[in-house]
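Asks: can you look at this prediction? I've put the sequence above it.
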Amino acid sequence: MKPREKKIISLREIEGVISPHVGFLETAIARKKEALEYLDDVSRLADYIGGKVEKLGLGEDWAIKKEALPGVEILSVYHPAYEVFPSSLSVLYSGERIRKVKGEDLVALTIDFVNHMLRYIREIDPARKLPEICYRV
């Protein structure tokens, strides 16, 4: 018996080239990524959201994987700002049931996942001034 392949794919690969949800997800995540600069401890964040830190070998500063549903994993990959390059947050998916979940459901789960990260950032130091988006989740 062959071991299961752990393929990591994007929402565009799940839904196809013309996807009504990709743009919405990218916009929602772009608004929230600046708050991740205030993160103090990735391991504590992973524990808080029920995920685990991963090393994907993509040059990321950090990546966290969380099982959102049985057989459906969401991976958030963060690259901090560096010189002239802005920070980036991207989301990928894996799991044997990933193609059985509708795009709009994946987007909702992903936004909830990222919002939960921002709640952690807000709670670790309530006196610290954070980006406005942290107070909206």
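Replies: Received, thanks.

Asks: burial measure for residue 97, as a count.
Replies: 11 (other Cβ atoms under 10 Å). Where C-beta positions appear, they are placed from N, C-alpha and C, glycine not excepted.

Asks: give me the three-state assignment for residue 92.
Replies: With DSSP: H, G, I helix; E, B strand; the rest coil as the basis, residue 92 sits in strand.

Asks: ok, it - contacts?
Replies: Listed by Cβ atoms under 8 Å, 6 or more residues apart in numbering, the contact set of residue 92 reads 8, 9, 10, 74, 75, 77.

Asks: repeat for residue 109
Replies: So residue 109 contacts 68, 69, 72, 74, 101 (Cβ under 8 Å, 6+ apart).

Asks: now name the helix or strand holding it.
Replies: Per DSSP states H and E, residue 109 falls inside helix 103-124.

Asks: now that helix: average pLDDT?
Replies: The average pLDDT for helix 103-124 rounds to 94.

Asks: so which bits of it are buried?
Replies: In terms of neighbour count (16 or more other Cβ atoms under 10 Å), helix 103-124 has its buried residues at 103, 106-107, 109-111, 113-114, 116-118, 120-122.

Asks: format those residues as a markdown table; extra columns: distance to residue 87.
Replies: Putting the buried residues of helix 103-124 into a markdown table (distance: Cβ to Cβ, whole Å) gives the following:
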| residue | distance to residue 87 |
| --- | --- |
| 103 | 25 |
| 106 | 23 |
| 107 | 21 |
| 109 | 23 |
| 110 | 18 |
| 111 | 18 |
| 113 | 18 |
| 114 | 14 |
| 116 | 19 |
| 117 | 14 |
| 118 | 14 |
| 120 | 17 |
| 121 | 14 |
| 122 | 18 |
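
Asks: so the residue nearest to the spatial centre of the chain: helix, strand or coil?
Replies: By Cα atoms, centre = their mean, the chain has its centre lying nearest to residue 76, at 2.8 Å. Under three-state DSSP, the three-state class of residue 76 is strand.
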